[in-house]
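>>> Need a 3D model of the sequence below.
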Amino acid sequence: MKYFKISFTLLSAFMLISGCKPIEAEKKEVKKAPKNVILLIGDGMGVSQVSSSFYFGNENPSFERFKQIGFIKTSSQSDLITDSAAGATAFSAGIKTYNGAIGVDQDTLSVPLITDKASESQLATGVISTSSITHATPASFFSHVKSRNMQEEIAAQLPESTIDFFAGAGNNFFFKRKDSVDLGVVFSKNDFIVDTISLKKPQNFDLNKKYGYLLAPIQMPRMSEGRGDFLSDATRLGVEYLSKNEHGFFLMVEGSQIDWGGHENDSDYIVEEVKDFSKAIGEALDFAEKDGNTLVVVTADHETGGYTLASENGNYNKIKGSFSTGGHSATLIPVFAYGPGSENFQGIYENNLIYNKIIQLTNWGSKKTDDL
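Numbering: from 1, shown residues only. Here you go, the predicted structure:
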């Protein structure tokens, strides 16, 4: 026994001197793929919009909870400055397309969406927005049309889509249509329970049903008009329902009206909408931290307004928002990531690579989850 100990000690010393590594050290760490992905899009949110949450309000913004940060380039296939349709389609389909396109390529051909890929792998999917659910960003995650203005056509595709949960506005496009078609019948046929009154949680979620909330005719009120905690509450409700799927889920959450504040050159509007979006991010991160197997990605389709946090009348202790345009700008957009695979979102890259990075991490669509 004593001879064995001496021999083992000498062998170990030789390995250290010669540069050999023990067998155990040769094993590579196996990185876990995320089971769930929550993508949060602050429409029109650039660096200054994010920065506003650090200067206005009493709560610590959720952005500071991230360690992995990158930037995306946002030009579309047709223009140096993208619109929300092409920007969102880059996220939802992994392609560069023309401004105004929803889920189609430059030849107006339909392309597979990330929600379709997730559904093919038996995951649950959802979209949440403070705009109409038929607006450019949410629409890009369930529909295919050549123009973002075709909102009744977009609405008609939602009941037939792979989406399992949605919350937002726009019930006029579903129930007060120019063609008089009642999409309520189509929703029922496809196992949807749609609430047009309130964001009320069912007593018990029926996993054989899908759930939708359409809570305003065209758009949700702005925060200053009393929207309250709709976005964070909807995020929490959506996660609670979708996470009941044993295979996992994909959820897109949009803070739509940050963009509208930029178009109106209204700094107060932006500040309140960013703070509200930060609460929704907090809900996603709280779930991800507890779950341990959820990737959270926060970004934007583009910046709106050329927004700047400037000194007021030369007073460096007083900040006001100023603007260079009433439209979109070409500035790089930040990306924040948390959870398994979050390190892949560092660096500077094209916006459509958000899709590619998620698909590469999850392998959605290539195999059924049961076969993995």
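>>> switch to C-alpha atoms for all contacts and neighbour counts from now on
Fine.
>>> what's the following helix or strand after the helix or strand Gly184 falls within?
Take DSSP states H and E as the rule and Gly184 turns out to sit in helix 183-189. Next in sequence after helix 183-189, counting helices and strands by DSSP H and E, comes strand 192-195.
>>> What strands flank that following strand, and is each parallel or antiparallel?
Strand 192-195 has its sheet partners listed here by DSSP bridges as strand 210-214 (parallel).
>>> which residues does the residue positioned nearest the centre of the chain bridge with?
Nearest residue to the geometric centre of the chain (Cα atoms, centre = their mean): Leu39, 2.2 Å. Beta bridges link Leu39 to Met252, Val297, judged by DSSP bridges.
>>> which residues of the chain fall in helices?
Secondary structure of the chain by DSSP state H: the helices cover 2-18, 47-55, 84-93, 114-120, 136-139, 151-157, 172-175, 183-189, 230-242, 257-263, 267-291, 353-362.
>>> buried ones in the fifth one?
By 16 or more other Cα atoms under 10 Å, the buried positions in helix 136-139 come out as Ala136, Thr137, Pro138, Ala139.
>>> What lies in contact with it?
84-85, 87-89, 102, 127-129, 133, 148, 154, 252, 254 (Cα atoms under 8 Å, 6 or more residues apart in numbering).
>>> try 6 Å this time
Ser84, Ala85, Ala88, Arg148 (Cα atoms under 6 Å, 6 or more residues apart in numbering).
>>> can you put the helices of the chain in CSV and add distance to Leu214?
What follows is the helices of the chain, written out as CSV (distance: least, Cα to Cα, whole Å):
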stretch, distance to Leu214
helix 2-18, 66
helix 47-55, 28
helix 84-93, 21
helix 114-120, 20
helix 136-139, 13
helix 151-157, 11
helix 172-175, 9
helix 183-189, 12
helix 230-242, 11
helix 257-263, 17
helix 267-291, 18
helix 353-362, 27
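>>> So for Asp206, which of those helices sits nearest?
helix 230-242 (9.1 Å; Cα to Cα).
>>> Wait, the residue nearest to the centre of the chain touches Met252, no?
Yes: here Leu39 reaches Met252: they are 4.8 Å apart, a contact under Cα atoms under 6 Å.
>>> Just the pLDDT at Ile17, thanks.
pLDDT, Ile17: 44.
>>> just Lys27 next, same as before
44.
>>> Against Ser75, how distant is Tyr98?
10 Å (Cα to Cα, to the nearest Å).
>>> can you count the residues close to Ser188?
14 (other Cα atoms under 10 Å).
>>> Offset the numbering so it begins at 36, please.
Noted, 36 is the first residue going forward, which turns the last one into Ser223.
>>> quick one on the thing from earlier: comparing the helices of the chain by mean pLDDT, which bottoms out?
Taking the mean pLDDT of those, helix 37-53 comes last: a mean of 44.
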